[in-house]
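J.: missing the sequence, but the structure's below:
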């Protein structure tokens, strides 16, 4: 991973946190960071905003505009805490923030979650070319999803039939996973946070999904294609949630380990939730045969 910071004290603290877990490199200016990333793309970048030459926002913008580098996970490290700063980061494609002083207890779980998400995202973004032949003849699918493996498989296949499929795949995972985690397994927001902090979330999710009372439950995904558009309905058997609080990115959640999925999906396409919150409709463009972004 790459630390981008110009303050020796900050660098030393971060290296002490990370060196026993990761191979760490350091850049002390924005330009040095860009040169390093282009030459040896890291698995993750911990980026400070206040740098002596070009600032962290400029580094972030440059990376997100580069097709070869835009998918590298980036954590924004800053003392800035106002809404405008968070909005700027989000508009440039940053969804993870750490405010100084950084603690090991916050940083390490966040990095673990981000790297695992990146691994899964890379798998999703490997376009399933064998599905291209289905584009002209696909009109309606109904899927029943009961576990995490089916979430990723469904998102990968269905997204191939949508424009901007790579981005749709990531958003679909978030929406389908919400149904499993909260609608069936009944894991609360705070419970998920605690489980993720100690690396036990997935095991607990699998345990709850396997309980006798949950074995016959599923998240339904209905897919319909008509003309140039695709519509989807995702529904779970749970009590729903207060979706209105999650439709937009909020500063207080940008330092959390989770809680961005609905806002991410809402930033990509139109979401319409039922009042209860256990049913959501999506509408987006249908894929062309050559579409892969």
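T.: Noted; the coordinates are in hand. This one's a predicted model, so the numbers in the text were calculated from it and none came from an experiment.
J.: any idea how far stretch 8-20 is from the chain center?
T.: Going by CA atoms, centre = their mean, to the nearest Å, the spacing between the C-alpha centre of stretch 8-20 and its chain's C-alpha centre is 26 Å.
J.: what is the rounded mean pLDDT of it?
T.: Mean pLDDT, computed over stretch 8-20, is 91.
J.: contact partners of it?
T.: 1, 3, 5, 24, 26, 28, 46, 48, 100-102, 104, 107-108, 111 (CB atoms under 8 Å, 6 or more residues apart in numbering). Any C-beta I mention is one placed from the backbone N, CA and C, and that applies to glycine too.
J.: Can I get the buried ones among the residues you listed as something I can paste into PyMOL?
T.: The PyMOL selection below is limited to those of the contacts of stretch 8-20 classed as buried (16 or more other CB atoms under 10 Å):
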select buried, resi 1+3+5+24+26+28+46+48+102+107+108+111
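J.: Farthest-apart pair in the contacts of stretch 8-20, please.
T.: 28 and 108 (22.9 Å; CB to CB).
J.: Assign residue 70 to helix, strand or coil.
T.: With DSSP: H, G, I helix; E, B strand; the rest coil as the basis, residue 70 sits in coil.
J.: As a check, name the ranges of all strands in the stretch 101-250 of the chain.
T.: With DSSP state E, counting those that start in this stretch, the ranges of strands along the stretch 101-250 of the chain come out as 140-145, 219-226, 229-235.
J.: could you dump these to CSV with distance to residue 286 and mean pLDDT?
T.: Shown next, in CSV, are these (distance: least, CB to CB, whole Å; pLDDT from 0 to 100):
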stretch, distance to residue 286, mean pLDDT
strand 140-145, 13, 89
strand 219-226, 6, 89
strand 229-235, 5, 91
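J.: Let me have those strands in CSV, adding distance to residue 118 as columns.
T.: Compiled in CSV, those are given as follows (distance: least, CB to CB, whole Å):
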stretch, distance to residue 118
strand 140-145, 22
strand 219-226, 24
strand 229-235, 24
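J.: Export these as JSON lines, with columns for distance to residue 76 and mean neighbour count.
T.: Converted to JSON lines, the strands of the stretch 101-250 of the chain look like this (distance: least, CB to CB, whole Å; neighbours: other CB atoms under 10 Å):
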{"stretch": "strand 140-145", "distance to residue 76": "33", "mean neighbour count": "15"}
{"stretch": "strand 219-226", "distance to residue 76": "32", "mean neighbour count": "18"}
{"stretch": "strand 229-235", "distance to residue 76": "30", "mean neighbour count": "19"}
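J.: Of those strands, which is nearest residue 96?
T.: Per CB to CB, nearest to residue 96 of the strands of the stretch 101-250 of the chain: strand 229-235, 24.8 Å.
J.: and the closest one, which strands flank it?
T.: Under the criterion DSSP bridges, strand 229-235 sits next to strand 219-226 (antiparallel), strand 279-285 (antiparallel) in its sheet.
J.: Of these, give the one that comes closest to residue 119.
T.: strand 219-226 (22.5 Å).
J.: measure residue 72 to residue 218 for me?
T.: 35 Å (CB to CB, to the nearest Å).
J.: Could you check which of the two has the larger neighbour count?
T.: residue 218 (20 against 17; other CB atoms under 10 Å).
J.: quick one, what contacts the more buried one?
T.: Taking CB under 8 Å, 6+ apart, one finds 144, 145, 146, 184, 237 in contact with residue 218.
J.: I'd like those residues as a markdown table, with distance to residue 17 appended.
T.: Shown next, in a markdown table, are the contacts of residue 218 (distance: CB to CB, whole Å):
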| residue | distance to residue 17 |
| --- | --- |
| 144 | 43 |
| 145 | 37 |
| 146 | 38 |
| 184 | 36 |
| 237 | 42 |
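J.: Looking at those, which is nearest residue 88?
T.: Distances from residue 88 to the contacts of residue 218, taken by CB to CB, are shortest for residue 145, at 36.0 Å.
J.: per-residue pLDDT, the closest residue to residue 48 other than its chain neighbours?
T.: Of all residues not flanking residue 48 in the chain, residue 5 sits nearest, at 4.3 Å (CB to CB, 6 or more residues apart in numbering). If you check residue 5, the pLDDT there is 94.
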